[in-house]
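Asks: Here is a sequence with its predicted model. Questions after.
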Amino acid sequence: MKRLLFLAATLTVFCLIRQCVATEYFVDSYSGNDSASGTSPENAWKTLDRVNKAKFEPGDVVRFRKDGIWRGRLTCQSGAEGNPIVYSDYRTGKERRFDGGR
């Protein structure tokens, strides 16, 4: 029984820590680079293809430069119940625009 309680407590702590260390990713259609890490505005990715290839974890945040323009499709990942993967924006300017190629 003690072993089971220890395992449950360890798992709970691991889940809480994972939520605290979620990663923020940045995407900039103007000055991004798909070979970059994507983990800061200075090292942002450039394309939706690069975002779609990434494996995000629950709690991660993907931020698109607010005045960016992307063509193609974004395939969103859901994360986990109560700990979603969030798609948002950063910087000021015009709203982002996703163009489906039409």
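Replies: Perfect, I can see it now.

Asks: Show me the shaky parts of this protein.
Replies: By pLDDT under 70, the weakly predicted segments of the chain are 1-20, 92-102.

Asks: All the strands of it, residue numbers only.
Replies: Under the criterion DSSP state E, the chain carries strands at the ranges 24-27, 61-65, 69-71, 79-80, 83-84, 86-90, 97-99.

Asks: residues making contact with the fourth one?
Replies: Under the contact criterion C-beta atoms under 8 Å, 6 or more residues apart in numbering, strand 79-80 has outside partners Phe56, Glu57, Pro58, Gly59, Asp60, Ile85. In this view, the C-beta of every residue, glycine as well, is placed from N, C-alpha and C.

Asks: Could you pull up phi and psi at the third one?
Replies: Pointing back at Pro58 there. Torsion angles at Pro58 (phi, psi; degrees, to the nearest 10) stand at phi -50, psi 130.

Asks: related to what we said a few turns ago, I'd like to know which of the contacts of strand 79-80 are buried.
Replies: Phe56, Pro58, Gly59, Asp60, Ile85 (16 or more other C-beta atoms under 10 Å).

Asks: rewinding a little: can you add mean neighbour count and distance to Arg50 and give the strands of the chain back as JSON lines?
Replies: Output for those, formatted as JSON lines (neighbours: other C-beta atoms under 10 Å; distance: least, C-beta to C-beta, whole Å):
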{"stretch": "strand 24-27", "mean neighbour count": "21", "distance to Arg50": "8"}
{"stretch": "strand 61-65", "mean neighbour count": "21", "distance to Arg50": "11"}
{"stretch": "strand 69-71", "mean neighbour count": "15", "distance to Arg50": "11"}
{"stretch": "strand 79-80", "mean neighbour count": "14", "distance to Arg50": "19"}
{"stretch": "strand 83-84", "mean neighbour count": "15", "distance to Arg50": "21"}
{"stretch": "strand 86-90", "mean neighbour count": "15", "distance to Arg50": "14"}
{"stretch": "strand 97-99", "mean neighbour count": "11", "distance to Arg50": "15"}
